[in-house]
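Q: my questions are about this predicted structure, shown below with the sequence.
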Amino acid sequence: MKRLLLTLAAALLASPALAFPDKPIELVVPFSPGGGSDVSARVFAQCVEPILGQKVLIKNITGARGKIAEVEVRDARPDGYKLLWAHQGMDMGLATGRSDYNYTAFAPVASSVAMNYGVFAGASSGIKDVDTLREKVKENPGKYTIGTALAGFSHFAVLDFLDAAGVNIDDLHTIPMSGDKERIVASIQGNLTLVPVAVGSAAPYVESGDVVPVAIQSDKPDPRLKDAKTAEAQGVDSHFAMYFTTFAPKNTPKEAIDTLADAWVKAANDPDCQAELAKRSMTTVPAKGEELDRDLAKRYDRILTLAKKFNLGEQS
């Protein structure tokens, strides 16, 4: 009996530990179902599941501009099974004083999806590109309006664009308004002039002729609105996509982070995944490790610069 027990013990010690992951992964999205964050997460989850060999379950947690979801993941058990799907809004919270942490409170896993953003105008405004925007604002300072979620993503995106385009924000009226659809409808009705929104949200209204793309804030044409001019093509250095990065709690084992990161990057490089995302005006931006660390630091630096330059902390 003693010899049998020793043999069993030796066999247990020699057997390999269960490989990570050995159960489904929970990916927490800080916004409601149906929005860009949710759709991008669900599409990408389907891309990564075959590679990871496990289900990736989406959990939507809303409230406090994403902070409730962020804190839940930040304080979760660091085992790699609960992750956060977040964009730069988390960094904007710290830059504007709404929050006391940013991406550095987490262990970055990988970036994977970018949702193109742009500045659009109601068709009746007469603004159709960067040059006409500059001309009209110069001729009629104070006449035109911008709708944004104050100190939120849309606000930072349009400030990045106007700053690079040399348009004085003080020559435009900023009107608080959340929600891409709400801003687009207001521009169609003539109640707003400029609306910074996700390209996927604006695309149906561009195709119907109700709104006009002033500039897409990316370095190459949008996969859906291929004829819409980028800011760069118009001489404006404004790249401000919504970059979705996956984060894990601090102290998550490196082996788990590496396994997840490899799967995320492989999925982002898959042509079928890229094609599915392109239908929604989304592209892939695979990055992990030191490259991802540099990207995150650069993005936060730009956010902090804009927050300080335009006193966004006073609006939080």
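A: Sure, I can see it. Residues are numbered from 1 along each chain as shown.

Q: show me the helices in the stretch 51-200 of the chain, by range?
A: 67-74, 89-95, 130-139, 153-165, 180-188, 199-207 (DSSP state H, counting those that start in this stretch).

Q: can you say which of those helices is nearest to residue 111?
A: helix 89-95 (13.2 Å; Cβ to Cβ). C-beta here means a position set from N, CA and C on the backbone, and glycine is covered the same way.

Q: just checking, what packs against the closest one?
A: Judged by 3 or more Cβ pairs under 8 Å, 6 or more residues apart in numbering; DSSP states H and E, the packing partners of helix 89-95 are helix 153-165, helix 289-309.

Q: who does the last one touch, helix- and strand-wise?
A: What that stands for is helix 289-309. helix 89-95, strand 106-115, helix 153-165, strand 242-249.

Q: mean pLDDT and distance to residue 216 added to those, as a markdown table?
A: Formatted as a markdown table, the helices and strands packed on helix 289-309 follow (pLDDT from 0 to 100; distance: least, Cβ to Cβ, whole Å):
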| stretch | mean pLDDT | distance to residue 216 |
| --- | --- | --- |
| helix 89-95 | 96 | 20 |
| strand 106-115 | 97 | 12 |
| helix 153-165 | 97 | 10 |
| strand 242-249 | 98 | 13 |
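
Q: adding mean neighbour count and distance to residue 285, write the helices of the stretch 51-200 of the chain out as a markdown table.
A: Shown next, in a markdown table, are those (neighbours: other Cβ atoms under 10 Å; distance: least, Cβ to Cβ, whole Å):
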| stretch | mean neighbour count | distance to residue 285 |
| --- | --- | --- |
| helix 67-74 | 19 | 21 |
| helix 89-95 | 23 | 16 |
| helix 130-139 | 16 | 25 |
| helix 153-165 | 23 | 16 |
| helix 180-188 | 20 | 21 |
| helix 199-207 | 21 | 15 |
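
Q: for those, give me CSV that also has distance to residue 310.
A: As requested, the helices of the stretch 51-200 of the chain are exported to CSV (distance: least, Cβ to Cβ, whole Å):
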stretch, distance to residue 310
helix 67-74, 22
helix 89-95, 11
helix 130-139, 17
helix 153-165, 6
helix 180-188, 19
helix 199-207, 24
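
Q: want to throw the helices and strands packed on helix 89-95 into CSV with distance to residue 234?
A: Listed next are the helices and strands packed on helix 89-95 as CSV, based on distance: least, Cβ to Cβ, whole Å:
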stretch, distance to residue 234
helix 153-165, 8
helix 289-309, 20
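
Q: these: which one's closest to residue 138?
A: Closest among those, once you apply Cβ to Cβ, is helix 153-165, at 11.9 Å.

Q: quick check: angle from that closest one to helix 289-309?
A: 80 degrees (axes from the mean of the first three to the mean of the last three Cα atoms, to 10 degrees).

Q: and the angle from helix 153-165 to strand 242-249?
A: 130 degrees.

Q: any idea how far helix 153-165 is from the chain center?
A: 15 Å (Cα atoms, centre = their mean, to the nearest Å).

Q: what packs against it?
A: Using 3+ Cβ pairs under 8 Å, 6+ apart, helix 153-165 is in contact with helix 89-95, strand 117-122, helix 130-139, strand 145-148, strand 194-198, helix 289-309.

Q: follow-up on the earlier one: Serialize the helices and strands packed on helix 289-309 to JSON lines and add fields for distance to residue 20.
A: Formatted as JSON lines, those follow (distance: least, Cβ to Cβ, whole Å):
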{"stretch": "helix 89-95", "distance to residue 20": "25"}
{"stretch": "strand 106-115", "distance to residue 20": "13"}
{"stretch": "helix 153-165", "distance to residue 20": "33"}
{"stretch": "strand 242-249", "distance to residue 20": "12"}
